[in-house]
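Chemist: Structure, please.
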Amino acid sequence: MSHAADRLKGAIRHQPSAICLFALLLLAGCRQDMHDQPKYKPLKSSPFFDDGRASRPLVPDTVARGHLDDDDALHTGKSGADFVATFPLPITREVLDRGQERYDIYCSPCHDRLGNGEGMIVRRGYRRPPSLHIDRLRATAPGYVFDVISRGFGAMPDYTSQIPVTDRWAIVAYIRALQLSQHAALSDVPPAERATLAQSHD
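Modeler: Alright, predicted model coming up:
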């Protein structure tokens, strides 16, 4: 009677360990099955499809979540085949401040902070861009500048992946402010600010 009781106590004492061990073996088995399941890795070849590619092309007209991009003027800088001549979003002081910040980060290394095309990497041998103050660039449409930032031009790379759409337009607005700063007339200054401007020249 005493021996049977000891065996029973031992079984009860070791039961939690046995249950844990069984659970671990079960989980390891499940993970192993999922780990080894048939699958294709990105850009691998496959004899299953006629084109030999495991990665399948997108279904035509597929739109990624959050990227409907149905405003052509905003996302391309164009209306039909023409560059838009007006900004597709309101230009506020906050937008200009944002544009200045983004311009200083992404554009000034080549164009310098005043837009003269004498940025730091140009001084070290990179191809010099045209001044943003030449007549041709002052007269061009905002949509053209947006397109150049988005798609690149000449030695300038595109910045679509680095700069969001609204920030690209903010940079365009700031470039317009830079251009105006070098060619503004007194009539461009609000009447309330003209006295302050005159005092700064005394």
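
Chemist: Please identify the helix or strand for the nearest residue to Cys107 once chain neighbours are set aside.
Modeler: Nearest non-adjacent residue to Cys107, counting by Cβ to Cβ, 6 or more residues apart in numbering: Ile171, 6.6 Å away. (Each C-beta comes from the backbone N, C-alpha and C, glycine too.) In the assignment (DSSP states H and E), Ile171 maps to helix 165-183.

Chemist: Just the CA trace of the following helix or strand past that helix, in PDB.
Modeler: Moving toward the C-terminus from helix 165-183, the next helix or strand (DSSP H and E) is helix 191-201. C-alpha atoms of helix 191-201 as PDB (Å, rounded to 0.1, in the frame of the first residue of the first chain):
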ATOM      1  CA  PRO A 191       2.000  98.600 -48.000                       C
ATOM      2  CA  ALA A 192       2.200  98.000 -44.300                       C
ATOM      3  CA  GLU A 193       5.700  96.600 -44.700                       C
ATOM      4  CA  ARG A 194       7.200  99.200 -47.000                       C
ATOM      5  CA  ALA A 195       8.100 101.600 -44.200                       C
ATOM      6  CA  THR A 196      10.000  98.800 -42.500                       C
ATOM      7  CA  LEU A 197      11.800  98.000 -45.700                       C
ATOM      8  CA  ALA A 198      12.800 101.700 -46.200                       C
ATOM      9  CA  GLN A 199      14.100 101.900 -42.700                       C
ATOM     10  CA  SER A 200      16.300  98.800 -43.300                       C
ATOM     11  CA  HIS A 201      18.100 100.700 -46.200                       C
END
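
Chemist: so where do the strands sit in the chain?
Modeler: Secondary structure of the chain (DSSP state E): strands at 78-79, 82-83.
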